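Colleague: this one's sequence-less:
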């Protein structure tokens, strides 16, 4: 069976158009790229510079992520333009755990049963952006007066999106089922369909697992992957530097 999600190992330094094209081409083909052992911020910036110069990156500097119960990571945002990808570098990792799991949302869409494909065709999905995944109120947001999150502020995207570079279709489920609603359906209908879609997507055995070493750097394409991190001993701290790519409106 051909793997629809894979990792490509690339050499650390990419100078010039040829190297940039080689790197982004591998990203579109494999969904994930792995570059091992960039020793420090200076080496990381050298690797990222061609992407920033070609407007591939939204931020030119890395954003530190400190993870353990004492240092919660920054909240995510649901934007009209969502990041096309991300680059993560391991600065400090626990001795075990904290691995990152990737799956293909191309595969999720392409393997949908015919009835589910028909059910998602032309549909849009709403994501509330008042509370983050931990249930905390986002900065600048007020406690909603309604208990129905469909009435809260949020964003609407296609449930099936088309990749801007490859033209392939992928399911777009966001980061959590909580606070999501398929526009035009009742809550019960939407919840039932979303549960089916999440179960179908996450039950795949075709998952790539990144077991981090300090200095490892990963790039992935957010338009056709989903990822999660597993737990680790809270006695340890996991520090990652993240760079996000420029955004686009899903279509």
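Modeller: Structure's in. What do you need? The structure displayed is predicted, hence computed values, not measured ones.
Colleague: and the gap between residue 93 and residue 174?
Modeller: 27 Å (Cβ to Cβ, to the nearest Å). To be clear about C-beta, it is placed using only N, CA and C from the backbone, and glycine gets the same treatment.
Colleague: between the two, which one's more packed in?
Modeller: residue 93 (21 against 18; other Cβ atoms under 10 Å).
Colleague: Now do the contacts for the more buried one.
Modeller: Shown in contact with residue 93 (Cβ atoms under 8 Å, 6 or more residues apart in numbering): 212, 213, 214, 238.
Colleague: Could I have the buried ones of those residues as ChimeraX selection syntax?
Modeller: The ChimeraX selection below is limited to those of the contacts of residue 93 classed as buried (16 or more other Cβ atoms under 10 Å):
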select :212,238
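Colleague: Tell me which two of the contacts of residue 93 sit farthest apart.
Modeller: 213 and 238 (12.5 Å; Cβ to Cβ).
Colleague: quick one, helices of the stretch 51-200 of the chain?
Modeller: For the stretch 51-200 of the chain, applying DSSP state H, counting those that start in this stretch gives helices covering 105-110, 114-120, 187-202.
Colleague: any chance of the ones you listed in CSV, plus mean pLDDT, mean neighbour count and distance to residue 180?
Modeller: Below are the helices of the stretch 51-200 of the chain laid out as CSV (pLDDT from 0 to 100; neighbours: other Cβ atoms under 10 Å; distance: least, Cβ to Cβ, whole Å):
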stretch, mean pLDDT, mean neighbour count, distance to residue 180
helix 105-110, 95, 22, 15
helix 114-120, 97, 13, 13
helix 187-202, 97, 15, 6
